[in-house]
Every structure is written in structure tokens, then in C-alpha cells.
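Student: give the three-dimensional model of this entry:
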Amino acid sequence: MTYPFLPIKPAGSVRWDVAALGEVMLRFDPGEGRIRNSRQFQVWEGGGEYNLARAARKCFDLSSTVITALPRNDIGWLVEDCISQGGVDGSHILWRDFDGIGQENRVGLNFVERGFGLRPALGVSDRGHSAASTLKPGDVDWDRLFGEEGVRWFHTGGIFAALSDSTAELTVEAVTAARKHGAVVSYDLNYRSSLWASRGGSDAARALNRKIAPYVDVLLGAEGLGEAPSGGSPHAAIESAVSDFPNLRVVATTSRTAHTANTNDWSALIHADGKFHLSRPRPGLAIFDRVGGGDAFASGVCWALLSGKDPADAVEYGAAHGALAMTTPGDASMARLTEIEQAIHSSNASVTR
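Tutor: Modelled structure (predicted):
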């Protein structure tokens, strides 16, 4: 079933359950070592928006496609191969000519240490001049995607919107088109200070988010949207967002307290249909790799709502999926739906300590 507060197209009525707009990077992981002295790295694909589409397919068996851009060279084809192995459709990838040295149309790289104990996780991005950052309004045939093929749930976020002025404009164009064609629109605020350092900082990010918010149905995160400070309370941040933008049908966010790199308190909160629902808390959750936990939370909420589950269940699926995703390496979740449901219902201390 679907709920009146969030009308969703029926399963099987359109080509895609989920479509995501965002950059897909290569993540270089030095394992137990440090970036600064490693001589080998394990490589995965990843990206805040793409991770939801991949989990939709691999964890929840939904059909998904990604809208991005890659250079026409062996590194771009490596990313395409990773996307294919992740089960995500690549027919909406825009291919760009490579100039031979990477002055433009590169693949973004992200070097990530998982952290251990008192040493926190560390990310070092090398993503300038990427093909995805050059995407602009008019590059994507939205009428083909949303009209001819059809999409139930469209997802994008603040990381992609922050890449350049043109990706910010494209994000506005995308959510406008998705809303016109009746797709549920989700947007992850996902603020990254490094992406806004030369473009106006948090105030500029907030201004862009407030331009996008009127077209959003499901907002992931709430801090950084409201004009007034929330005082650090997720309830207050959500109430401020809903007050400013009554079109928001669902607002969901995670809560994390890091005691060490490998021990976090973890929970989540969702607001829908005028009510708050808090997930089961997981104090002292053992963390192997924290990157991607928020994206896994978002995909769990997405699947639950697409499947007709109520908000109280949706926040549990999201929180459990996020917790499981942080037990394995890489950005992408390796969990299955059966494991998520076991984590929701398990009283095993290993799940919560």
C-alpha cells in the first residue's frame, strides 16, 4: 500500500523504481595502513547519490539507473564496469571525450582511511575537473527518463549540487522535471565544507538547498536548511524545515556519537504525516568503515516507503541497514534484506554493542 502523505507510483507501472543523479568516483582504500605510506589500495566505486541506487538494486532487488558523466578512457570504463557489477543500469551515463592528460573530464578519486581507535577516519579527495562536475542544464533528456521510461523514486543530493555552478543548476532542473512527471523526489543535504570553501561556504550551500527544497518530497538530513539555528536538536531542525517547506512529506536523519573510530552510538529519526518516529538505539555499535552508513540509511528508508511500509518501520529499516553497511569495507552496502530484518528484530548483543 501507499500512504496519502506520499503518493507513489505502483510497482511495475514504470521502467525504473529508482533513478539517481550524482558523481560516481573511485575510492582508494589502503586497508589497515595509511594513505601517506601505502603501496597498494583496494578500489571501489562510490558516490553519495549512486550508493542509494546501488543498494536499491543489490540489497532490495529494485530496478535502478544512474545519471552521471564519465570520460571515454580506461578509467571511465573501469567505473562503468564497477557500476555494471553493482547491478545499476548505465544507459544514462553521459560519455565525455578525454583530453589525454586530465585537465578536464576526469574521474574523481577519493582516498579513504577507515580509522582505528583514537585515529579517526580520513578522506582525501582528488576530484577537481571531473566529467560529472561539468554537467549542465540541457545535458539530460528528462522527458525521456521521467516521461517515456518512467521513475517511481528520484534521488539526488547536496554533494552533486555542490560540484559546480552548472551542477547546482542541473539539480534544480532535475527535481523540477521529476516533480512534473510525478516521481517521488528525495534529496540528501550532505554538506561538505571542502566543496563550498571557494563558493560561499555554508551560507551559499543553504541558499541553494532552499532553492531546491520546494521540489522535494523526502528530505534526508535537516541541519543546514532552516534560516534559524536549531540549537543542535534534530527534532528542532526537522520542525524548522517542515515549517519553512510544507511540501516536505518525509524528513529523516541519523544521529551518531563517535566514542572512537570503531565505537559509535547510532540511531535515526523520521518525521512523516505530522509525527516523529525514533529508531531502536544502538549504543556502542561496532564500526568497521563508517563511510556510506548514511547512504545505506537513506536506501533503507526509500525501499521501505516504496514497499508500502509505514514511517515507523521505514526508520527501522534505514537505521538497521546503515548499521550493517558500516560493518564492511567500501562505500557500498554488502547487506541483504534478510540480514537487515534480522538486525531489526535481533536482541543479540553483538548487534547493539
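
Student: so, low pLDDT: which residues of the stretch 151-300 of the chain?
Tutor: Applying pLDDT under 70 to the stretch 151-300 of the chain flags the ranges 226-232.

Student: show me where it has its helices.
Tutor: Using DSSP state H, counting those that start in this stretch, the helices found in the stretch 151-300 of the chain span residues 158-161, 165-180, 193-196, 201-212, 234-244, 293-306.

Student: packing partners of the fifth one?
Tutor: For helix 234-244, the packing partners by 3 or more C-beta pairs under 8 Å, 6 or more residues apart in numbering; DSSP states H and E come out as strand 250-260, strand 263-272. For the C-beta atoms, the positions are set from N, CA and C on the backbone; glycine is no exception.

Student: which residues touch the first one?
Tutor: What that stands for is strand 250-260. Strand 250-260 has contacts (C-beta atoms under 8 Å, 6 or more residues apart in numbering) with 5-6, 117-118, 120, 217-223, 234, 237-238, 241-242, 264-272, 284, 290, 293-294, 297-298, 301, 305, 311, 314-315, 318-319, 322.

Student: now the buried members of these.
Tutor: Neighbour-count burial (16 or more other C-beta atoms under 10 Å) applied to these gives 6, 217-223, 234, 237-238, 241-242, 264, 266-272, 290, 293-294, 297-298, 301, 305, 311, 314-315, 318-319, 322.

Student: dump the helices and strands packed on helix 234-244 to CSV, plus distance to Val79.
Tutor: What follows is the helices and strands packed on helix 234-244, written out as CSV (distance: least, C-beta to C-beta, whole Å):
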stretch, distance to Val79
strand 250-260, 27
strand 263-272, 30
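
Student: these two touch, right, Ala168 and Leu208?
Tutor: Yes. Assessed by C-beta atoms under 8 Å, Ala168 is found in contact with Leu208 at 5.4 Å.

Student: for these two, indicate the residue with more neighbours.
Tutor: Taking neighbours as other C-beta atoms under 10 Å, Ala168 and Leu208 compare with Ala168 leading, 23 against 20.

Student: how about that one, nearest residue that isn't a chain neighbour?
Tutor: Excluding its sequence neighbours, the residue lying closest to Ala168 (C-beta to C-beta, 6 or more residues apart in numbering) is Ala161, at 4.9 Å.

Student: on that earlier part again, what's the overlap in contacts for Ala168 and Leu208?
Tutor: By C-beta under 8 Å, 6+ apart, Ala168 and Leu208 have these common neighbours: 161-162.

Student: that older thread, hey, which of the helices of the stretch 151-300 of the chain is tucked in deepest?
Tutor: Among the helices of the stretch 151-300 of the chain, helix 293-306 has the highest mean neighbour count (mean count of other C-beta atoms under 10 Å), at a mean of 28.

Student: which elements pack onto that one?
Tutor: Secondary elements touching helix 293-306 (3+ C-beta pairs under 8 Å, 6+ apart): strand 16-21, helix 48-58, strand 151-157, strand 184-188, strand 218-220, strand 250-260, strand 263-272, helix 311-325.

Student: and that helix with helix 311-325, angle?
Tutor: Helix 293-306 and helix 311-325 meet at an angle of 140 degrees, taking axes from the mean of the first three to the mean of the last three C-alpha atoms, to 10 degrees as the criterion.

Student: measure how far helix 293-306 is from the centre of its chain, please.
Tutor: Distance of helix 293-306 from its chain centroid, counting by C-alpha atoms, centre = their mean, to the nearest Å, is 9 Å.

Student: same question, stretch 148-164
Tutor: For stretch 148-164, the distance from its own C-alpha centre to the chain's C-alpha centre is 10 Å (C-alpha atoms, centre = their mean).
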